[in-house]
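Enquirer: sequence-free structure coming up:
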């Protein structure tokens with residue numbers, strides 16, 4: 001039976017999943033500051049951040065998905081495998097490349113929310129994944145830019161993947177100019193991001 005975009009929280013809710021018990025968990029390292037979300041998708045709220053080169057424990061990943069359940073700072077949530085590395089098959093590899101080496105988990109909502117209906121925002125495209133750590137740009141925009149971006153919110157768009165510095169935005173995402181600068185901005189996966197219009201790369205994230 002196929003579900004419409006309105007789901008029951010028994011299938012999708014802002015919480016961690018119940019994992020299939022496994023014999024061993026995987027320690028992973030973040031390639032960049034990486035959000036931990038309350039559910040397996042960009043529409044879910046951010047409940048924490050794994051710092052650049054910080055470690056977290058992967059409990060398991062959803063089959064045919066790049067979203068993995070992690071335990072970080074004593075709290076369970078979801079992180080995007082594209083930006084995690086781990087010791088797999090005797091080598092340090094991107095988790096996204098060797099998901100078959102990671103246990104499978106199934107997302108399940110908490111019992112107290114079963115029966116409440118929620119509507120998740122529509123995903124309208126896909127982020128252009130950062131392909132190498134060297135593509136991460138470190139800038140320090142003036143405070144006036146951040147003040148403008150956060151004081152003038154625009155309608156958010158939701159894209160498959162996770163927002164990290166250096167990721168690219170598809171052409172379908174409109175950029176709003178920041179007056180007096182060469183930058184544009186957008187609210188992607190509910191995060192304000194500063195973007196270089198010439199490359200469409202995210203250069204700064206306002207958390």
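Expert: Yes, it's here. If you're wondering where the values come from, they're calculated on a predicted model, not measured in any experiment.
Enquirer: Count residues in the vicinity of residue 47, would you?
Expert: 19 (other C-beta atoms under 10 Å). Quick note: C-beta positions are derived from backbone N, CA and C, even for glycine.
Enquirer: beta partners of residue 204?
Expert: residue 194 (DSSP bridges).
Enquirer: Okay, buried residues for stretch 156-164 please.
Expert: For stretch 156-164, burial by neighbour count (16 or more other C-beta atoms under 10 Å) applies to 157-159, 161-164.
Enquirer: Okay, and which of the residues you listed map to strands?
Expert: Counting by DSSP state E, those place residue 159 in strands.
Enquirer: Could you name the residue of the protein that is farthest from its center?
Expert: In the chain, residue 180 marks the outermost C-alpha relative to the chain mean, sitting 30.4 Å out by C-alpha atoms, centre = their mean.
Enquirer: helix/strand/coil for it?
Expert: coil (DSSP: H, G, I helix; E, B strand; the rest coil).
Enquirer: One more: residue 96?
Expert: Residue 96 ends up helix, using three-state DSSP.
Enquirer: middle-most residue in this structure, spatially?
Expert: residue 162 (3.1 Å).
Enquirer: quick one: that one and residue 80 touch, right?
Expert: Yes - counting by C-beta atoms under 8 Å, residue 162 touches residue 80, with 3.7 Å between them.
Enquirer: Overlap in contacts, these two.
Expert: 34-35 (C-beta atoms under 8 Å, 6 or more residues apart in numbering).
Enquirer: Could you pick out the longest strand of the protein?
Expert: Per DSSP E, the chain has its longest strand at strand 55-62.
Enquirer: which of the residues in that one are buried?
Expert: 56, 58-62.
Enquirer: Closest one of those to residue 39?
Expert: residue 62 (10.7 Å; C-beta to C-beta).
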